[in-house]
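# Please find the sequence and the predicted model below.
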Amino acid sequence: MQLPNNFPINFLWPSFLWLLLVAPLLVLLYIWLLRRKKKMALRYASLSIVREAMGRGHSLRRHIPPFLFLLAIVAMLIAAARPMAVIALPSSHETIMLAMDVSGSMRATDVKPNRLVAAQEAAKAFIAELPRTVKVGIVAFAGSAQVVQPPTLSREDLVTAIDRFQLQRATAIGSAIVVSLAELFPDAGIDLTTMTYGRERQRGSSIDEAGKPKTDPKDFVPVAPGSYNSAAIILLTDGQRTTGVDTLDAAKLAADRGVRVYTVGVGTVDGETIGFEGWSMRVRLDEETLKAVATRTNAEYFYAGTAENLKKVYETLSSRLTVEKKETEISALLALAGALLSVIAAGLSLLWFNRIL
């Protein structure tokens, strides 16, 4: 049996759908039995009296149990074909890394009260909405990137780390992604220094600081982008990379490990000179690169031009990361529905007519 490409349900064993032809055959059999019973009833002279006593409602009710039983059979036959449907399920994300820009331009006031404070408040609200079973880690980046809070379940520690942000110069977006990945995969040999300055500086040693052998990158086998469901990265920035690892190289590293990088852009898209405390700087949000990062890692890009929009972005991300749509086999649900319909059909028949169907 061939189904249209846009059919909402797929089947692992579609050939079993041919069994649904049993349903109309059962309907025909039921009609034949009713007519046969009617012919036998015509032999009794008191048939009209019996009909008047039964009434119309009783005549209708006698068809309900068989109808429900037919639905039960159809549900079980469809279950045999192992249907797959896209449904919303609780996310399996166990760790989320927040990579937040703390470059000097985050002090700009085009997002009230300023970009940094708006980002801090939105991040804290986002953390509060997450399930308590989800660990959150925080990476702050400007001219370099560093973990300011390793993944933890303590919401108090996360809030404290966010409140301690210190503004610095430059923007190392790619480095923030690399540091986040290194935190998610501590035994994978992901090294920011190596990616920043080349492999020559790292050739002298095959042992890490803890005395463990470093993972050979040649042993790593890339996976499908977005296929790693145990962690995700949310990267927020208001500028474009000025130093550190190339952003798209870092995105490829995340994509090869299946980690989604959701990017959030804040501030000026077209470019603007922002001045404060006696000095000025030209900033421009590199939306093109942020969109490329999200696309390459099978995630999404969000733009937040105001504090309110930024809060909505984090609310959307919270819903994305706590509930996700997956193609899941629903055979068990249909089988359960079939069993319940069978029980209801038998119960009604026993209640109304003192017999099972």
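Nice, I can see it. Residues are numbered from 1 along each chain as shown.
# how about stretch 238-257: buried residues?
By neighbour count with 16 or more other C-beta atoms under 10 Å, stretch 238-257 contains the buried residues 238-241, 244-245, 247-248, 250-257. All C-beta spots, glycine's among them, are computed from the backbone N, C-alpha and C.
# Please identify which pair of those lies farthest apart.
Using C-beta to C-beta, the two most remote members of these are Asp238 and Asp256, lying 27.5 Å apart.
# Quick one: residues contacting Asn298.
Applying C-beta atoms under 8 Å, 6 or more residues apart in numbering to Asn298 gives the contacts Pro225, Gly226, Ala255, Arg260.
# mind running it again at 10 Å?
For Asn298, the contact set (C-beta atoms under 10 Å, 6 or more residues apart in numbering) comprises Ala224, Pro225, Gly226, Ser227, Ala254, Ala255, Gly258, Val259, Arg260, Val261.
# Then Tyr303?
263-267, 269, 285, 287, 290-291, 309-310, 313.
# Doesn't it lie inside a helix?
No: read with DSSP: H, G, I helix; E, B strand; the rest coil, Tyr303 is strand and lies in no helix.
# Please name the bridge partners of it.
Beta-bridge partners recorded for Tyr303 (DSSP bridges): Gly265.
# Low-confidence stretches in the stretch 201-350 of the chain?
Applying pLDDT under 70 to the stretch 201-350 of the chain flags residues 201-219, 270-282, 322-327.
# Which stretches in it count as helices?
Remark: helices assigned in the stretch 201-350 of the chain by DSSP state H, counting those that start in this stretch are 247-256, 287-296, 307-322, 331-353.
# Also compute the angle for the first one relative to helix 287-296, please.
For helix 247-256 against helix 287-296, the angle between stretch directions is 10 degrees (axes from the mean of the first three to the mean of the last three C-alpha atoms, to 10 degrees).
# repeat for the third one
Relative orientation of helix 307-322 and helix 287-296, computed by the same axes, to 10 degrees: 10 degrees.
# With the longest one instead?
Angular relation of helix 331-353 and helix 287-296 on a 0 to 180 degree scale: 60 degrees, by the same axes, to 10 degrees.
# In helix 331-353, which residues are buried?
Ser331, Leu334, Ala335, Ala337, Gly338, Leu341, Ser342, Ile344, Ala345, Ala346, Leu348, Ser349.
# just the residues you listed now: which is nearest Leu33?
Ser349 (14.6 Å).
# For the stretch 1-150 of the chain, which segments are assigned as helices?
Listed in chain order, the helices of the stretch 1-150 of the chain (DSSP H, counting those that start in this stretch) span residues 22-41, 47-61, 64-80, 115-129.
# Which strands and helices lie in contact with the last one?
Under the contact definition 3 or more C-beta pairs under 10 Å, 6 or more residues apart in numbering; DSSP states H and E, helix 115-129 sits against strand 95-101, strand 135-141, helix 155-163, strand 231-237, strand 260-266, strand 301-304, helix 307-322.
# could I get those as CSV with distance to Leu20?
Shown next, in CSV, are these (distance: least, C-beta to C-beta, whole Å):
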stretch, distance to Leu20
strand 95-101, 44
strand 135-141, 47
helix 155-163, 52
strand 231-237, 41
strand 260-266, 39
strand 301-304, 44
helix 307-322, 37
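# Show the contacting residues for Phe69.
Contact partners of Phe69, counting by C-beta under 10 Å, 6+ apart, are Leu26, Tyr30, Gly338, Leu341, Ser342, Ile344, Ala345, Ala346, Leu348, Ser349, Ile356, Leu357.
# Could you export those residues to TSV, including columns for distance to Val139?
TSV is the format used below for the contacts of Phe69 (distance: C-beta to C-beta, whole Å):
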residue	distance to Val139
Leu26	62
Tyr30	67
Gly338	50
Leu341	53
Ser342	55
Ile344	55
Ala345	59
Ala346	60
Leu348	61
Ser349	65
Ile356	65
Leu357	65
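# Please list the residues outside stretch 155-164 that contact it.
98, 100, 119-121, 123-124, 127-128, 130, 132, 135-138, 140, 147-152, 154.
# Can you turn the buried part of the residues you listed into a ChimeraX selection?
Here is the ChimeraX command that selects the buried residues among the contacts of stretch 155-164 (16+ other C-beta under 10 Å):
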select :98,100,119,120,121,123,124,127,130,135,136,137,138,140,147,148,149,151
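# Give me the domain ranges for this structure.
For the chain, automatic domain parsing gives the domain ranges 9-86+329-353, 92-202+212-305.
# which of those is buried the deepest?
domain 92-202+212-305 (a mean of 19; mean count of other C-beta atoms under 10 Å).
# mind checking the SS state of the closest residue to Leu350 other than its chain neighbours?
Of all residues not flanking Leu350 in the chain, Ile356 sits nearest, at 5.7 Å (C-beta to C-beta, 6 or more residues apart in numbering). Each residue gets one of three states, and Ile356 gets coil by three-state DSSP.
# Report the separation between Ile356 and Phe69.
10 Å (C-beta to C-beta, to the nearest Å).
# quick one: common contacting residues for the two?
Common neighbours of Ile356 and Phe69 (C-beta under 10 Å, 6+ apart) are Ala345, Ala346, Ser349.
# For the second one, give its distance to Tyr30.
Using C-beta to C-beta, one obtains 16 Å as the distance from Ala346 to Tyr30.
# and the spatially closest residue to Gln168 that is not a sequence neighbour, what is it in contact with?
Residue nearest to Gln168 in three dimensions, not counting chain neighbours: Ala142, with 3.5 Å by C-beta to C-beta, 6+ apart. Shown in contact with Ala142 (C-beta under 10 Å, 6+ apart): 101-106, 165-172, 175-176, 239, 242-244.
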